[in-house]
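A.B. asks: Structure of the sequence below:
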Amino acid sequence: MNSLKQLAMLVTVFATLFFVTSRFASAAEGESASAKLDEPKLQIVPGVNIGENPVNDVDAVIHQTVQLQVGYPSAPPFPVKATVKVSSRGLSAIAVHPTGQEVFAPKGGEKVEGKIGVNWVSAFVKVNNNGKGTATVTFSYPDGSEKHTKFSFDIK
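C.D. replies: Numbering: from 1, shown residues only. The predicted model follows:
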């Protein structure tokens, strides 16, 4: 019985060491990334204001990453969280990042100052398969309320 406990402890220690070392192995010094330059892999959708509907249409191709930009007023009540949710396997939600008062122009990819009094959030979505789908950017407020902006994807 005592040797069974020792074996279980040894397995736990090795599993923990494996998990810890594998988590840090991907953050290697000198890590690099590359891309083939034959077609654009990042599509930047022009910014829209929070809650702007009807649905904003996005034409996309498989393997593209799409940056959705949604602006919200920089006046109380301020949202406390932004999320992106996709409706189908044709899309994957990657990340949401606040970008302050900067919005990226769809042509040239350069930063430009947005409207005064508007902050921006960029939601990133990966396109996986042909078909149709939606991505909804949701802003959550301290009182529990939410505001939604929906993007409709036509994937070719």
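A.B. asks: how about the residue nearest the centre of the chain, what does it touch?
C.D. replies: For the chain, the residue nearest the mean C-alpha position is residue 95 (2.1 Å; C-alpha atoms, centre = their mean). Contacts for residue 95 (C-beta atoms under 8 Å, 6 or more residues apart in numbering) come out as 123, 124. Where C-beta positions appear, they are placed from N, C-alpha and C, glycine not excepted.
A.B. asks: cool, the one 3 residues further on as well?
C.D. replies: Contact criterion C-beta under 8 Å, 6+ apart gives 82, 119, 120, 121, 122 as the residues in contact with residue 98.
A.B. asks: The third one touches residue 99, doesn't it?
C.D. replies: It stands for residue 120. Yes: applying C-beta atoms under 8 Å, one finds residue 120 in contact with residue 99, separated by 4.6 Å.
A.B. asks: Mind checking which of those two has more residues around it?
C.D. replies: residue 120 (20 against 17; other C-beta atoms under 10 Å).
A.B. asks: What score does the more buried one have for pLDDT?
C.D. replies: For residue 120, the pLDDT comes out at 89.
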